[in-house]
Every structure is written in structure tokens, then in C-alpha cells.
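Peer 1: missing the sequence, but the structure's below:
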Ligand SMILES: Nc1ncnc2c1ncn2[C@@H]1O[C@H](COP(=O)(O)OP(=O)(O)OP(=O)(O)O)[C@@H](O)[C@H]1O
């Protein structure tokens, strides 16, 4: 095979066809070119089987042959290649072996050493075919980029050898100490399931002994952590030397290798297993239990995260980055660059289709059930009921998130701690709605801090805040990180980036454009302001920003080591086992329901406007019906038409019933139509922390149902009370008013359920109003009061889906609607739903209730769509 001799600036290299040669500024490359226009890893030259080939590696300023920018081109003796500029960029001259001197031994050795590194990287895929845009010409890499920052080196070192830094008890720790649960790479780049650090303490377990773990002081192993139940789990050391962990019906669950044990279930454990109880993890080390307490100082990394949506489009592309403990990371990027998608992938809300998220070297996706408790997420919208006081909002959140066996006093104590930590104690009795935007964000953070998460994610916490509040919130986050947590914030505000440890810049299309210290970022892009950088993103959307990043020195310094591990394809594996990932609920169903009802009642009670409307609306709707022929009753007209033999219709009865039915429909649906959409963010977040969907839905049904039924009673009582009614009902004898009001009340309830369906279906609250109006008008049409439905094939069957049809029919059986509103077109026919019989009344009421229940199922179904993917059943 022909060797090729490459000449540059008087130096020569003999290229051997057996391997590729990396060209660029990287001192570890084969041919090192010290020119600012040349990228860190600019291009490779390799033997392509037939001829030599030069391939651009996503360089910023391009590779040129005969004045043309090339991506991939065959070359040979006599060719000349320019790097970085077509005319005056460094010129590589190629000649046949023998025509020039070979490479020096030093250069050869250097090239060999760099060879492996060159293969660890991936070349970006594509580059603009036209000339480089203007901004590229301005490109120059700041000098400081040549230096490896101390902090990063230190972290990388720690990532590779965590235990060498902190192993005071190493002499007590047998094989695990020498092979700690560090990020040892397994074949294929998998990270071991267990990633904890040095033990916090050791506990002796005698053979044949049982060691109970829990929060209560009487346990042998007391874990003072509110996430742990009073009597949480037991370690059994059998006389024959085997060990077993048994859950004692704990509320937050006991985990083995990240997977929850069944409630009161047990599992045999060996030295390689890791048992999770609240913030503590336990391992068996030489017959003893080593305990590690997660106090928040955790490293965090993402590797090769790729999210693909239906249709195969990638909206997040191969995102890798990592940060040590106590880090504050900001994520910025233009709209649509995948920041929210990244946040969902990092928090496990919507796991990436490819790639891993490592929480202190433990795979978050695989151990989500356990690790989700250590993650706090503050969405963009407040996760609080604004009508409540700060203290009350935290009280209900604590009640829902802490195990059922925590006492009021314990919860109060923790609430007091977070209020003091976030300097909110002076505001604790204020309503959330009366706080400033920044204070409100603090309350959302406080709520997440209740359970002491080690990782906190925030989605645009400063949007809508003035610059002063922006700074306050960012400083708050800085403080949280300094106190020993890892904080990642997605933000649109670039004013306070300097206080972050690392900055991740997302490019259009969902790829990384930069990751590294914030102070070096603008230099990296070659601009003086972020506005210019974002304009460049907008103007050069098709440019390969990711390729530019991967060809950069910063990539080598801050991401290449994380990127070097092969991506893990796993979406099917995770999605196939949703059952295994579903975490236990800290509270029982009934307890959640009770708390939710109390919270909902508190919210409603503090909303005086809503309370007033719930009374005024039915009162007005009932009262307007009184204006219709006030002196006429709701009885069958005694006059009979001699020609048809039918009673003369009582138009007053049908109109009054129509108005009351529509009033109940409107009041019921109006009560609920905004209810789910307005607290969707709260629901999403609470669902991820263990809220039961059915308990949530039931709390709405019970509270709103009660209100609506009472409103229905009011509408019925006002509307019917002053009218002349039959002396006897079909069901309740003399209580005709009540018998007539019951269908109105049931109609209100079912309409309320329809309102919930709308609320669970829509994407924004604004869409609820048109749908509410449409619903009410459709109900008017299908009451059967405006025209006879019976006998009209198709329309009649369709009307069975309308609650107003059944409610009017039920009241109509009592009033004998077949005589009040006879079918004059077809005198012999009557509507069976209106038959003046008890059976028909029950049938109509039953159908009304069944419609309501069906709506309940639909709501549950639609609610599922707004849940974190891992929580969907
Ligand atoms: N489920 C989905 N199916 C198809 N495309 C999606 C889906 N979710 C998001 N996208 C698209 O992916 C891209 C990234 O969306 P994402 O919301 O993550 O961006 P973002 O950076 O958070 O934007 P913004 O700053 O405006 O909130 C957008 O173009 C969006 O339209």
C-alpha cells in the first residue's frame, strides 16, 4: 500500500495506510497545526482502500482543495489542502513516499499516542455547503481555552476515582472498598447499577439477628429522615449466613437496586445489592451493613440523550454533559431548541429514547422509582394554589408528600426549616397571590425542598420577573447549590449567568452548542452579547452548531470524556416495564383523598368571588324562569283538542323545564370547566411525587359534585316552588317539588362531569369557554322541549348522549309530559322516556347517572395524557 508524505511548514510526516491521521490544533492529534483558524479536531487523512482521503471533521472554518470547501475528498501525491482558509490557511502538501523525508520518531510516537483518542470522538454529520457566514470569519478562540481549568480536572479525577479522595474507613471495607460503586465502565459503556460513595457509617448484623430500620427511636437503626416510615424495614441475618431485607409496609417503599419491594415483601440480598431506604442506602460489607446517607452532594451527568418523536424526528440530539456536586448549571437556548425536552429527559418525566442520566453514577431511568424522591422540579408555572397562605400551601404539600405516619409536629418542623432557609417566615401567613413574583418562586422552591432533594431542576424560574428579582432568584439558586445540592436551571434570562458554574447552550434542533464555564461562552461563539449569539442561531438555523461544538477545544475539556461512552438504547426496555418503575405512594388512597378534599375546600373557601358566584348563578337562573307566565302552573292542560283527541300543550311547563335544565347544565359545567386545566401543572408535579389519579379525580367529583347538586336544588326550588304542581309524584308521593328537583340536581352533576371532560381535554384555559357555550346550546336543542325527538330516527338516538334529554325526561315523567307536550304530528305515538311511570323515572335518572360515570372514566383517561410518562398506567 502506498505511503503518503505530508508536508506542512517545513515539517514532514509519512502517513501509513493502516490508520487514519488526525489533523488539528489538538496537541494530542497526529498533525498538530497551531493556527487559530484551524479547529481543534479539524480533519483526518486516511487510506480509503483505493486512494487517500481527506475528511473534514466539522471544522469551523473549513477544509479546502483547489479553493473549494470540501467535506470528503480523494487526494494523492501532488494534492494541496488548505485548512481554515482557501487561500492563506495552513497548506498541506502531499507527495509520494520517497519524495520527502519521513516523520521524526518523536512525531510518530506522538501520533500513535493520540490515535486512540481520535477514535473516541464522533465527527459531526454535516456542514453548510455554501461559503461560511460572516460570523464564522470573526471566529477566534480565546487563549485561555488552551488551559485545562483546574476545577474541571479535579472533577473528572473524582469521577474516575471517587473513593481515593475520601476513604477514611477503607481498612474496614473489604472488596467493595477496592472496587467502589464508582463509574466503572462495563462492556458497552454501561454504568454499574450502584453508584454510591464512601459509607457514612457501619452497622454490625449478628447472624440470626434481625435489625429493624425506621424513623422511630425504638429501631436498632434509626434513620432520621421524614421519607422513612417509623418502622420501615428489617434486615434478617439468618444463622446460615444469608441476608434478607423485608419491607414493613413502609409508605415510601424499600428498594433493592433501585426497584421497589412489594409492600411487606422481602428479598435476599448479597454483597453486590444496594438497598434504598429514604435518603440512605445500605450494602452488605463483610457481614456488616454499610450505610451511605445522601445529604445532597451528588454529581450529575447526561450521556448521549436523544429524544425521537413520532415520525422519527429527533428533538433532542445526543446531549452529553456532566457536573460535580454543588453545581449550579444554567441551560439557555432559542425557543424550540429542546430545553423543555431536555428537562423532561433529565427528570425522568419523559425518558430519552437513547442515552442515560446518571445521578451520582446511578442510572436514573433504571432506578427512577427510588431516585425520583431525590429530585425536585420547579416548573415554570407555580405549583401552588394561589388562594392559600404560604404556610397552608406547604402544609398540604407536606401532608401529601410525606409518609402517612409523620406527625403534624414533624411536618410543621420541616416546614419551619424551609421557610427559614428561604427567608419566607415573615411571609408565611400571606396569601400566595399577594406575594411578588420572586417571592412566589421562592415558595415553589420551598415546597420542593420539603423532601430534601439533592438535585433541583427549575424551568424558567425568572420568566416575567424584573431584573432585581431575577438576580434574587439566581442568587437563591446559587445558595442552594453552595449548601450542597446540584441545581439545574433552564432560563431565558442571560443577565445572571455569571453566577453559574456551568452553562449549557442548546442550538436550534436540540443539540448542544456549548457546555462549559459561562464566562468563556461568548468568546466561544465569537460575539460580545447573547443577543448576537441568538441572532446567529436564528439566521443560521441549518448550520451544524453541534459539529462546531464537537470540533472545539471546549468540547475536549468539558464533555469529551462523558461523550466517549457509547450511547445506551433503552426506551423499549424502560417503557416495557412501567409497572416496575411506578413508585409506591407515600399516603394511602383514602388519606390522599381526605387531604385533597380539605385542600380544595380551603381553596374554594378563600375564593370569595367563586363562592358568591356559586350562589348568585343558580339563584338568577331559577328566578328568570319565574318571569315566564308567572301565573301558570306545570299541570296537564285539561282542554282536549276535539280533532286530535290530544291535550292542548302546556307551553309554560315545557319552557320552564327547558330554562331550569339549561340553567343546571350551565351552572354545573361552568363550575368544573376550568378546574383541571388551571391546576394542571400542580397535578403533573404531584402525580410524579406519588399522587393517586383516582383520588385526585374523586376529590374534584366530591367537592364540585356537592356544590353543583346544591345549586341544582336551588334552581329547582326557586323554579318550581311558586308553580302549581301535581299533588302526587311518582316516587316521593307528596314531595313533588323534591321529585322534580332531583333530575335538575342530577343534571347539574352530570354537566359538571362533562365540564371536567372538557377541562381535561383542552390545552389552554381559553379554549374552555367556547366549549362550555357549545355544550350548553347543544343541551338546549336536545331537551325535547323545543321539538319532538321521539320518532326522529338518528336524532333521537343521538339525544341519548345528552344529559339534558334524560333530566327533562325524568321530570317529564312526574309532570306527564306525553300529555303536557303531546306529539301532534303523530297523535298516537308517545315518548317512552316520558311515560308517567315510576319505572321511566328510574330509567331516566339511571341513564343520567351512567352518563356522569362514563364522563368520569373519560376524565381519568384524558388526565393520563398530562402525566409524566413514567407515571402512566
Ligand atoms: N411531542 C412532540 N412531538 C413533536 N414535536 C415536539 C414534541 N414536543 C416538542 N416538540 C418540538 O420539539 C422542539 C423542542 O421543543 P421544546 O419545548 O423542548 O423547546 P424549548 O427550547 O423548551 O422551547 P421554549 O423555549 O419555547 O419553551 C420544538 O420544535 C417542538 O415543537
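Peer 2: Received the coordinates, thanks. All values derive from a computational prediction rather than experimental measurement. Numbering: from 1, shown residues only.
Peer 1: I figured residue 436 hits residue 468, correct?
Peer 2: No. Counting by C-beta atoms under 8 Å, residue 436 stays clear of residue 468, with 9.8 Å between them. For glycine as for every other residue, the C-beta is placed from the backbone atoms N, C-alpha and C.
Peer 1: for the ligand, what are the nearby residues on the chain?
Peer 2: 309, 315, 333, 335, 336, 337, 338, 339, 340, 341, 510 (C-beta under 6 Å from any ligand atom).
Peer 1: Between residue 436 and residue 468, which has more neighbouring residues?
Peer 2: Shown here are residue 436 and residue 468; by other C-beta atoms under 10 Å, residue 436 has more neighbours (14 against 10).
Peer 1: for the residue nearest to the more buried one when sequence neighbours are not counted, helix, strand, or coil?
Peer 2: Distances taken as C-beta to C-beta, 6 or more residues apart in numbering place residue 469 nearest to residue 436, at 6.7 Å, with adjacent residues excluded. Here residue 469 is helix, with the state taken from DSSP: H, G, I helix; E, B strand; the rest coil.
Peer 1: OK, contacts around residue 469?
Peer 2: Residues in contact with residue 469 (C-beta atoms under 8 Å, 6 or more residues apart in numbering) are 436, 437, 438, 462.
Peer 1: Please convert the buried members of the residues of the chain next to the ligand into ChimeraX selection syntax.
Peer 2: To isolate the buried subset of those in ChimeraX, counting by 16 or more other C-beta atoms under 10 Å, use the following:
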select :315,333,337,338,339,340,341,510
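Peer 1: JSON lines please, covering the residues of the chain next to the ligand and showing pLDDT, secondary structure and distance to residue 611.
Peer 2: Below are the residues of the chain next to the ligand laid out as JSON lines (pLDDT from 0 to 100; DSSP: H, G, I helix; E, B strand; the rest coil; distance: C-beta to C-beta, whole Å):
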{"residue": "309", "pLDDT": "88", "secondary structure": "coil", "distance to residue 611": "44"}
{"residue": "315", "pLDDT": "92", "secondary structure": "strand", "distance to residue 611": "44"}
{"residue": "333", "pLDDT": "93", "secondary structure": "coil", "distance to residue 611": "44"}
{"residue": "335", "pLDDT": "89", "secondary structure": "coil", "distance to residue 611": "40"}
{"residue": "336", "pLDDT": "88", "secondary structure": "coil", "distance to residue 611": "42"}
{"residue": "337", "pLDDT": "91", "secondary structure": "coil", "distance to residue 611": "44"}
{"residue": "338", "pLDDT": "91", "secondary structure": "coil", "distance to residue 611": "44"}
{"residue": "339", "pLDDT": "93", "secondary structure": "helix", "distance to residue 611": "40"}
{"residue": "340", "pLDDT": "91", "secondary structure": "helix", "distance to residue 611": "36"}
{"residue": "341", "pLDDT": "92", "secondary structure": "helix", "distance to residue 611": "41"}
{"residue": "510", "pLDDT": "91", "secondary structure": "coil", "distance to residue 611": "47"}
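Peer 1: so where do the helices sit in the stretch 451-600 of the chain?
Peer 2: Remark: helices assigned in the stretch 451-600 of the chain by DSSP state H, counting those that start in this stretch are 467-482, 518-525, 530-539, 545-550, 553-558, 560-563, 571-576, 578-581, 589-605.
Peer 1: Can you lay out those helices as CSV showing mean pLDDT?
Peer 2: Listed next are the helices of the stretch 451-600 of the chain as CSV, based on pLDDT from 0 to 100:
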stretch, mean pLDDT
helix 467-482, 89
helix 518-525, 91
helix 530-539, 91
helix 545-550, 89
helix 553-558, 84
helix 560-563, 74
helix 571-576, 43
helix 578-581, 44
helix 589-605, 94
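Peer 1: out of those helices, which comes closest to residue 797?
Peer 2: For residue 797, the closest of the helices of the stretch 451-600 of the chain is helix 589-605, at 37.1 Å, according to C-beta to C-beta.
Peer 1: Residues touching that closest one, excluding its own?
Peer 2: Residues outside helix 589-605 that contact it (C-beta under 8 Å, 6+ apart): 385, 387-388, 392, 396, 399-400, 404, 585, 587, 610-611, 691-692, 694-696, 698-700, 702-703, 707.
Peer 1: So which of those belong to helices?
Peer 2: Judged by DSSP state H, the contacts of helix 589-605 include 392, 396, 399-400, 610-611, 694-696, 698-700, 702-703, 707 as members of helices.
Peer 1: quick one: least confident of these?
Peer 2: Looking at those by pLDDT, the weakest one is residue 610, with 88.
Peer 1: What is the burial count for the closest residue in space to that one that isn't next to it in sequence?
Peer 2: In this structure, residue 610 finds its nearest non-sequential neighbour in residue 604, 6.1 Å apart by C-beta to C-beta, 6+ apart. For residue 604, the neighbour count with other C-beta under 10 Å is 16.
Peer 1: out of the contacts of residue 469, who's nearest the ligand?
Peer 2: Within those, the smallest distance to the ligand is 13.3 Å, found for residue 462 (C-beta to the nearest ligand atom).
Peer 1: Quick check on the closest one: phi, psi?
Peer 2: When read as degrees, to the nearest 10, the backbone of residue 462 gives phi -100, psi 10.
Peer 1: before we move on, which element is residue 244 in?
Peer 2: Using DSSP states H and E, residue 244 sits in strand 243-247.
Peer 1: So which elements touch that strand?
Peer 2: strand 233-237, strand 254-256, strand 266-269 (3 or more C-beta pairs under 8 Å, 6 or more residues apart in numbering; DSSP states H and E).
Peer 1: quick one: contacts for residue 321?
Peer 2: Shown in contact with residue 321 (C-beta under 8 Å, 6+ apart): 301, 302, 329, 502, 504, 512, 515, 558, 559, 562.
Peer 1: Residue 268 too?
Peer 2: Going by C-beta under 8 Å, 6+ apart, residue 268 touches 242, 243, 244.
Peer 1: switch the cut-off to 6 Å
Peer 2: Residues near residue 268 by C-beta atoms under 6 Å, 6 or more residues apart in numbering: residue 244.
Peer 1: Specify the beta-bridge partners of it.
Peer 2: Here residue 268 sits in beta bridges with residue 244, going by DSSP bridges.
Peer 1: In stretch 58-78, which residues are buried?
Peer 2: Quick answer for stretch 58-78 (16+ other C-beta under 10 Å): 58, 59, 60, 61, 62, 63, 64, 65, 69, 70, 73, 75.
Peer 1: Now that stretch: average pLDDT?
Peer 2: Average pLDDT, stretch 58-78: 81.
Peer 1: Mind listing residues that contact the strand holding residue 244?
Peer 2: For strand 243-247, using C-beta under 6 Å, 6+ apart, the contacting residues are 233-237, 254, 261, 264-269, 275, 284.
Peer 1: change it to 7 Å
Peer 2: 233-237, 254, 256, 261, 263-269, 275, 284 (C-beta atoms under 7 Å, 6 or more residues apart in numbering).
Peer 1: now stretch 653-667
Peer 2: With contact meaning C-beta under 7 Å, 6+ apart, stretch 653-667 is reached by 617-618, 621-622, 624-625, 628, 634, 708, 711-712, 715-716, 719, 723, 744, 747-748, 751, 776, 779-780, 783, 785, 803-804, 807-808, 811, 815, 820-821.
Peer 1: who touches residue 676 in this structure?
Peer 2: Applying C-beta under 7 Å, 6+ apart, we find residue 676 in contact with 756, 759, 760.
Peer 1: Tell me the one of those nearest the ligand?
Peer 2: residue 760 (18.2 Å).
Peer 1: From the ligand, how far off is residue 834?
Peer 2: Look at residue 834 and the ligand: by C-beta to the nearest ligand atom, to the nearest Å, they are 49 Å apart.
Peer 1: For that residue, the count of nearby residues, please.
Peer 2: Other residues near residue 834 number 26, with proximity taken as other C-beta under 10 Å.
Peer 1: my guess is it contacts residue 813, does it?
Peer 2: Yes. When contacts are counted by C-beta atoms under 7 Å, residue 834 is listed as touching residue 813 (6.1 Å).
Peer 1: in stretch 36-46, what counts as buried?
Peer 2: Of the residues in stretch 36-46, those buried (16+ other C-beta under 10 Å) are 37, 38, 39, 40, 41, 42, 43, 44, 45, 46.
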